[in-house]
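Asker: I'll drop the sequence and a predicted model, then ask my questions.
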Amino acid sequence: MKERIIVKVGSQILTRKDGTLDVTRMSALVDQIAELHKSNVEVILVSSGAVASGKTEIKAKAKLDIISARQLYSSIGQVKLINRYSDLFRQHGITCGQILVTKEDFATRRHYLNQRNCMTVMLENNVIPIVNENDAISVNELMFTDNDELSGLVAAMMDSQKLIILSNIDGIFSDAPDKPGAHIYREIDVRKDNIENSIQSSKSSTGRGGMTTKYNVARKAAEEGIEVIIANGRKDNILVDLVKGKDVISTHFIPSKKGATSVKKWIAHSDGFTKGEIHVNTNAREVLLGDKAVSLLPVGVTKITGNFDADDIVRIMDENGKQIGIGRTTFNSDKAKEIIGKSNNKPIIHYDYMYIGK
């Protein structure tokens, strides 16, 4: 069986300080992916850089708002970006293909499976999928946090063994990397290590996310059984060295051995698509957070908020209003309200369609 990896590369890696494409860095990245591809590793590339590419191609006639600017620059820059990738891969005799997505494309199971089928067919035909957010039609409330979030979704959707997030620093540090005494976390075990409070929240000038986003994405993916590595994309041969298991300075998330089904992976990454909330009592909370897989029964529910249909995604909240999970409902909100607290009813959320974040 071929190893399948997702490689996420951000704008800060692909662009120079003046915002132009760093063709030298892009070429080095493609060389490494080509080497992996030829050694029977399936690679899906999640690449930023469209907006940064477009900014150097046109000067807007008037001052644009943030959304209009992203739409204009990305629509121009995406053409430039994918053409450059196509030329570079062609030099290795490799074909690449473009997939532009929005957050809504992951909201329904049908769209999710359509995307998965598209990428699967590409890989079966030795085509390297290059995935990016479709900034030209995305608006604020429907945007991914950044391509880190998108890479986590793709990694889960495609049942990848490894997710490599290339940043402009070596990994996750205990403090700002340039501060005296700051150290890098070389290994994080998601079952027992929680370092969220020590992560710096600063963002790059070209990207939307930051290290907090990377940590949250990596943690969730590792919980689903995917190995995650955050590393410095400006280091020579970084991708090949990581895949070959060399001791490269980076942050490695140990994957859970338990893993998750395809449906559970989809639900785990559906936080942005929820239509309502189901609040549970203390007993239900303890059972759901236990080691056994259990369904959420109406008897443990105390309150329903929001309007949703059967099969919609909802948040599961404890008695203090804290989210403990997410799931796909059996009933619509009206029916769910009718059976609150009652026994001898079907589960409001079956355990096969529930993700509990511990």
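Answerer: That came through, no problem.
Asker: OK, contacts around Cys96?
Answerer: The neighbourhood of Cys96, defined by Cβ atoms under 8 Å, 6 or more residues apart in numbering, consists of Leu45, Ile82, Tyr85, Ser86, Phe89, Val127, Ile128, Pro129, Ile130. Glycine gets a C-beta too; all of them are placed from N, C-alpha and C.
Asker: excluding covalently adjacent residues, which one is nearest to the last one?
Answerer: Counting by Cβ to Cβ, 6 or more residues apart in numbering, Ile130 lies nearest to Leu45, which is 4.9 Å off, once chain neighbours are set aside.
Asker: ok, what's across the strand from that neighbour?
Answerer: As for beta bridges, Leu45 partners with Val7, Ile130 under DSSP bridges.
Asker: pLDDT score for it?
Answerer: Leu45 is assigned 98 on the pLDDT scale.
Asker: is it in contact with Gln32, as I believe?
Answerer: No: with the criterion set as Cβ atoms under 8 Å, Leu45 and Gln32 do not qualify as a contacting pair; they are 10.7 Å apart.
Asker: of the contacts of Cys96, buried ones?
Answerer: Leu45, Ile82, Tyr85, Phe89, Ile128, Pro129, Ile130 (16 or more other Cβ atoms under 10 Å).
Asker: the stretch 151-300 of the chain: helices as residue ranges?
Answerer: With helices called from DSSP state H, counting those that start in this stretch, the stretch 151-300 of the chain shows them at 211-223, 238-243, 262-268, 282-288.
Asker: most tightly surrounded among those?
Answerer: Burial among the helices of the stretch 151-300 of the chain, expressed as mean neighbours by mean count of other Cβ atoms under 10 Å, is greatest for helix 211-223, which shows a mean of 23.
Asker: what's it packed up against?
Answerer: For helix 211-223, the helices and strands in contact under the criterion 3 or more Cβ pairs under 8 Å, 6 or more residues apart in numbering; DSSP states H and E are helix 147-157, strand 162-167, strand 187-189, strand 227-232, strand 251-254.
Asker: now do 6 Å
Answerer: If you count contacts as 3 or more Cβ pairs under 6 Å, 6 or more residues apart in numbering; DSSP states H and E, helix 211-223 packs onto helix 147-157, strand 227-232.
Asker: neighbours of Leu296, how many?
Answerer: 25 (other Cβ atoms under 10 Å).
Asker: starting at the chain centroid, how far to stretch 245-260?
Answerer: Relative to the centre of its chain, stretch 245-260 is centred 16 Å away, using Cα atoms, centre = their mean, to the nearest Å.
Asker: rounded mean pLDDT for that stretch, please.
Answerer: Summarised as a single mean, pLDDT over stretch 245-260 is 87.
Asker: hmm, who's touching it?
Answerer: Taking Cβ atoms under 6 Å, 6 or more residues apart in numbering as the criterion, the residues outside stretch 245-260 that touch it are 170-172, 185, 187-189, 218, 222-231, 241-242.
Asker: just the buried ones from those residues?
Answerer: The neighbour count (16+ other Cβ under 10 Å) marks 170-172, 185, 188, 218, 222-231, 241-242 as buried among the contacts of stretch 245-260.
Asker: where does the stretch 151-300 of the chain have low pLDDT?
Answerer: Counting by pLDDT under 70, the stretch 151-300 of the chain has low-confidence residues at 193-194, 196-210, 259-260.
Asker: now with 80?
Answerer: Low-confidence segments of the stretch 151-300 of the chain, defined by pLDDT under 80, span residues 175-178, 190-210, 258-262, 268-273.
Asker: who touches Ile267 in this structure?
Answerer: Applying Cβ under 6 Å, 6+ apart, one finds that Ile267 lies in contact with Ile326, Tyr355.
Asker: and the gap between it and Asp236?
Answerer: Shown here: Ile267 relative to Asp236, a distance of 39 Å by Cβ to Cβ, to the nearest Å.
Asker: what separates the closest residue to Asp175 other than its chain neighbours from Ile188, distance-wise?
Answerer: Of all residues not flanking Asp175 in the chain, Ala182 sits nearest, at 4.0 Å (Cβ to Cβ, 6+ apart). As judged by Cβ to Cβ, Ala182 and Ile188 stand 16 Å apart.
Asker: which residues in the stretch 1-150 of the chain form strands?
Answerer: With DSSP state E, counting those that start in this stretch as the definition, the stretch 1-150 of the chain shows strands at residue ranges 3-9, 41-47, 95-101, 127-133.
Asker: dump those strands to TSV, plus distance to Val280.
Answerer: TSV is the format used below for the strands of the stretch 1-150 of the chain (distance: least, Cβ to Cβ, whole Å):
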stretch	distance to Val280
strand 3-9	34
strand 41-47	35
strand 95-101	33
strand 127-133	34
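Asker: quick one, which of those is nearest to Asn344?
Answerer: Closest approach to Asn344 among the strands of the stretch 1-150 of the chain is made by strand 95-101 (42.7 Å; Cβ to Cβ).
Asker: and the angle from that closest one to helix 147-157?
Answerer: Between the axis of strand 95-101 and that of helix 147-157 there is an angle of 110 degrees, by axes from the mean of the first three to the mean of the last three Cα atoms, to 10 degrees.
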